[in-house]
Each structure stands twice: as structure tokens, then as C-alpha cells.
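*Asks:* Got a predicted model here, sequence first, then my questions.
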Amino acid sequence: MIIVNEDWCKGCGMCIERCPVKALEQSDKLNRRGVYPPRLKENNNCNYCRLCELICPDFAITVIPDEDLLKKTVKPKLIPVRRVRA
């Protein structure tokens, strides 16, 4: 789930430009600042990478991953590496 605090957004569009899967688009509704904040597209491939949340200079975006998606995500296993002494 992506939450956009529309009134905090200044409409810079950095989140829309930087989204790697193009899941965001500009809203058609003005906020209190008189700009169009981002919104999640109807059909999107959001992978909850949180880049939009991290890049937003106004802290207007919060990303909360779906529990179902987190369960399906395969995490790579770390393999210990032996140090070879010379």
C-alpha cells in the first residue's frame, strides 16, 4: 500500500520520474498548494522498493508492503566465505 499525504506534496514529480516500474502518475486533483500530487496507477507493478518514499523531499509518501507479497518474496541466502590465509 502506498499512502500519499497530498497536502504535503509540492508537485516536484521526482517520485513519478524515478519509479523503476512506472507505478505512479500525476493526479487530476489539485491539493491545497495548487499542485497535482502523485497517485498510484490503476494497473501498476509496484514492487514496494520504497524509492518514491526515500526520494520525496517533502516526506509525503509512505510505503507499507503487503504481507502477502513479503511472504512470496524469495530472499537470497548468504553463504559464508572462508578466508584463505597465505
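*Replies:* Yes, it's here.

*Asks:* I'd say Ile61 and Cys15 touch.
*Replies:* Yes: assessed by CB atoms under 8 Å, Ile61 is found in contact with Cys15 at 6.0 Å. C-betas here are computed from N, CA, C, even on glycine.

*Asks:* Identify the contacts common to the two.
*Replies:* Taking CB atoms under 8 Å, 6 or more residues apart in numbering as the criterion, Ile61 and Cys15 both touch Pro38, Cys52.

*Asks:* can you give me the mean pLDDT across stretch 41-48?
*Replies:* Stretch 41-48 shows a mean pLDDT of 89.

*Asks:* List the buried residues in it.
*Replies:* Cys46, Tyr48 (16 or more other CB atoms under 10 Å).

*Asks:* all numbers from here: first residue = 485
*Replies:* New numbering, starting at 485: the last item is stretch 525-532.

*Asks:* how long is that stretch from one end to the other?
*Replies:* 14 Å (CA to CA, to the nearest Å).

*Asks:* same thing with stretch 486-499?
*Replies:* Termini of stretch 486-499 sit 12 Å apart (CA to CA).

*Asks:* try stretch 485-501
*Replies:* 19 Å.

*Asks:* do the same with stretch 519-529
*Replies:* Start-to-end, stretch 519-529 (CA to CA) is 25 Å.

*Asks:* low pLDDT regions in the protein?
*Replies:* Applying pLDDT under 70 to the chain flags the ranges 553-564, 570.

*Asks:* The same query, at a cut-off of 90, please.
*Replies:* Along the chain, segments meeting pLDDT under 90 span 485-486, 527-531, 549-570.
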